[in-house]
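> No letters, just coordinates:
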């Protein structure tokens, strides 16, 4: 596994939280991505983290997240969740962070 960037780690940790998910609209011919689920991707002191789709694709390339097509009222969305590898990685990194604090 290649070294993860700060943004990739932050998104991986966020996605590991209970209730966190990301869905990306996959409507045919739709030029700009629509997102569902990022309302919880927020800073403790207020405001939201900037989300970059390339961060998601990099984590998917590492096998840490996976996408599954779901349909809402006939509209396809790709729902991203952690893989088992992603869950283990997030847990181990979280433990290591606590150990060094």
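Yes, it's here. Owing to the predicted nature of the structure, the values given are computational and were not obtained by experimental measurement.
> In the protein, where's the longest helix?
Ordering each helix of the chain by length in residues (DSSP state H) puts helix 84-100 first.
> Would you mind pulling the contact partners of it?
1, 9, 12, 13, 15, 16, 59, 63, 64, 65, 82 (Cβ atoms under 8 Å, 6 or more residues apart in numbering). Any C-beta I mention is one placed from the backbone N, CA and C, and that applies to glycine too.
> And for stretch 62-77?
By Cβ under 8 Å, 6+ apart, stretch 62-77 touches 1-2, 4, 12, 15, 23-27, 36, 56, 59-60, 78-83, 85-86, 89.
> buried residues in it?
Residues of stretch 62-77 classed as buried by neighbour count (16 or more other Cβ atoms under 10 Å): 62, 64, 65, 66, 67, 77.
> could I get the residues you listed as TSV with pLDDT, distance to residue 94 and secondary structure?
Below are these laid out as TSV (pLDDT from 0 to 100; distance: Cβ to Cβ, whole Å; DSSP: H, G, I helix; E, B strand; the rest coil):
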residue	pLDDT	distance to residue 94	secondary structure
62	95	17	coil
64	95	14	coil
65	95	16	strand
66	94	20	strand
67	93	23	strand
77	90	28	strand
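> How far does stretch 75-95 sit from its chain's centre?
Put simply, stretch 75-95 sits 7 Å off its chain's centre (Cα atoms, centre = their mean, to the nearest Å).
> start to end distance for it?
From its first residue to its last, stretch 75-95 covers 39 Å (Cα to Cα, to the nearest Å).
> Export the contacts of helix 84-100 to CSV and append columns for secondary structure and distance to residue 71.
Formatted as CSV, the contacts of helix 84-100 follow (DSSP: H, G, I helix; E, B strand; the rest coil; distance: Cβ to Cβ, whole Å):
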residue, secondary structure, distance to residue 71
1, coil, 32
9, helix, 31
12, helix, 27
13, helix, 29
15, helix, 22
16, helix, 26
59, helix, 24
63, coil, 25
64, coil, 25
65, strand, 20
82, strand, 22
